[in-house]
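Asks: Just the structure for this:
(6 chains)
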Protein chains: 6
Amino acid sequence: MALVPDNTLITDTPEQGRELAIMLARKTVGAMQPDTSVRQLLRPGYATNPDSLTAAAHVVAVEFATVAAANNYWRN
Amino acid sequence: MALVPDNTLITDTPEQGRELAIMLARKTVGAMQPDTSVRQLLRPGYATNPDSLTAAAHVVAVEFATVAAANNYWRN
Amino acid sequence: MALVPDNTLITDTPEQGRELAIMLARKTVGAMQPDTSVRQLLRPGYATNPDSLTAAAHVVAVEFATVAAANNYWRN
Amino acid sequence: MALVPDNTLITDTPEQGRELAIMLARKTVGAMQPDTSVRQLLRPGYATNPDSLTAAAHVVAVEFATVAAANNYWRN
Amino acid sequence: MALVPDNTLITDTPEQGRELAIMLARKTVGAMQPDTSVRQLLRPGYATNPDSLTAAAHVVAVEFATVAAANNYWRN
Amino acid sequence: MALVPDNTLITDTPEQGRELAIMLARKTVGAMQPDTSVRQLLRPGYATNPDSLTAAAHVVAVEFATVAAANNYWRN
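Replies: Purely as a prediction, here's the structure:
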């Protein structure tokens, strides 16, 4: 399983960097719980719990910090 | 859905950077729970729980670290 | 509402930087829960729960990391 | 027990860097709970709890930030 | 109340930097819960809860990252 | 009590850096709960709780980020 889509942290735009950050977080969870049916079973409880959503958003924020640094914050 | 408003991390001021950090965190939650009515349903419990508010503030702090670095901390 | 007092991350001293970090964290919570009476209602439970205090101190630590970097750690 | 496979943070690709980040996190847990049978006993409850998975993904994100910086984000 | 002892992040040694990180975390808690008698009341429950101790150690780790960067990691 | 073994963040290898990160985390807990018998009493519950182990691994990851930066990621 690919943990890093296209095997690069470089993206054209912040928006794409954000999408990558979300993907990175999801791929990690997929590596730890490879059973798709289990992940789908867990989703409703998770997606309706605000603290679970906040915790997931936290992970995305950390991943994005790395992606943004890799892309020099798309400054140019 | 746009995850990064205006598709840039660059803002004119720290205040705007702070607003962007809050937006980034919210857009992530929106990507994970796209149903607006569910998010609104969750809001009262979340907004009256101090630990939930602290956790959300934590995410904003992490996002802001990235936005601030992108803007060289608005030093000039 | 101002999220960043004086709209700058630059402070004269580490002590002032620390105060700013605390303010930044509080302003975020204020943006998410704008009702002052609710925030005051939540305070006693929060301020007497050691884990809540630790979580809040964590947010301040993250904010301070950004403020300190913005000020080149007040090295000079 | 080796905490860092091959005793280096340098990898050829982001994908391998991601695998290393996962390994680093696992090796830490192994250092704190060296009994393999206990770890295996804990796995089902952990792997079916979305908040546990998110917390683990958070650790991987932090480890990856370090690995990615060590590799200059595989920019070249 | 002083939030930063001696109003500087610069220390002579990593050991002193570590002590400063612990102090910074404690001073934040003191700012949020200024009543010493309450803090002392909370201490036994906190100091015998491993998750509380881990959470506090996490805050110290974040503070230390800032202090260490401020001191260029005491490399010279 | 020494919070930083040998009072330096510099190590020869990533493996040793990882060991140092674990030690730093443990020394912090030791500073907050100096009673060895209490720490030993807490250990079984902690070491058989996957979320406790993940939280501890998180702290180690944060400490390691600092140690790795101090050593320029052992690149040379």
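Asks: hey, let's count contacts and neighbours off CA atoms from now on
Replies: Fine.
Asks: Quick check: the gap between the residue positioned nearest the centre of chain A and B:T54.
Replies: Central residue of chain A (Cα atoms, centre = their mean): A:I22, 2.3 Å from the mean position. According to Cα to Cα, to the nearest Å, A:I22 and B:T54 sit 22 Å apart.
Asks: Quick one: residues contacting the residue nearest to the centre of chain A.
Replies: Contacts for A:I22 (Cα atoms under 8 Å, 6 or more residues apart in numbering or on different chains) come out as A:60, A:63.
Asks: Repeat the analysis, applying 6 Å as the threshold.
Replies: Counting by Cα atoms under 6 Å, 6 or more residues apart in numbering or on different chains, A:I22 makes contact with A:V60.
Asks: Would you map the helices across chain A?
Replies: Using DSSP state H, the helices of chain A run over A:14-32, A:36-47, A:50-70.
Asks: The longest one near chain C at all?
Replies: No - when contact is scored as Cα under 6 Å from any Cα of the partner chain, no part of helix A:50-70 falls within range of chain C; the minimum is 12.0 Å.
Asks: pLDDT score for the nearest residue to A:A70 once chain neighbours are set aside?
Replies: Nearest residue to A:A70, sequence neighbours excluded (Cα to Cα, 6 or more residues apart in numbering or on different chains): D:Y73, at 5.3 Å. If you check D:Y73, the pLDDT there is 98.
Asks: hang on, D:Y73 packs against A:N71?
Replies: No - taking contacts as Cα atoms under 6 Å, D:Y73 lies outside contact range of A:N71: 8.6 Å.
Asks: buried stuff in stretch A:30-43?
Replies: A:30, A:32-33, A:39 (16 or more other Cα atoms under 10 Å in any protein chain shown).
Asks: Could you do stretch A:9-21 as well?
Replies: Neighbour-count burial for stretch A:9-21 flags A:9-11, A:13-21 (criterion: 16+ other Cα under 10 Å).
Asks: And for stretch A:60-76?
Replies: By neighbour count on 16+ other Cα under 10 Å, the buried set for stretch A:60-76 is A:60-71, A:73-74.
Asks: where does chain A have low pLDDT?
Replies: Along chain A, the parts satisfying pLDDT under 70 run over A:1.
Asks: Smallest gap between it and chain E, at which residue?
Replies: Here chain A gets closest to chain E at one residue, A:V62, 13.8 Å apart by Cα to the nearest Cα.
Asks: Look up how far F:D51 lies from the closest residue to that residue other than its chain neighbours.
Replies: Nearest residue to A:V62, sequence neighbours excluded (Cα to Cα, 6+ apart): D:A61, at 6.2 Å. Note on D:A61: its distance to F:D51, by Cα to Cα, is 16 Å.
Asks: Save the buried residues of stretch A:60-76 as JSON lines, and put in distance to B:V4 too.
Replies: JSON lines is the format used below for the buried residues of stretch A:60-76 (distance: Cα to Cα, whole Å):
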{"residue": "A:V60", "distance to B:V4": "13"}
{"residue": "A:A61", "distance to B:V4": "12"}
{"residue": "A:V62", "distance to B:V4": "15"}
{"residue": "A:E63", "distance to B:V4": "15"}
{"residue": "A:F64", "distance to B:V4": "11"}
{"residue": "A:A65", "distance to B:V4": "14"}
{"residue": "A:T66", "distance to B:V4": "16"}
{"residue": "A:V67", "distance to B:V4": "14"}
{"residue": "A:A68", "distance to B:V4": "12"}
{"residue": "A:A69", "distance to B:V4": "16"}
{"residue": "A:A70", "distance to B:V4": "17"}
{"residue": "A:N71", "distance to B:V4": "15"}
{"residue": "A:Y73", "distance to B:V4": "12"}
{"residue": "A:W74", "distance to B:V4": "12"}
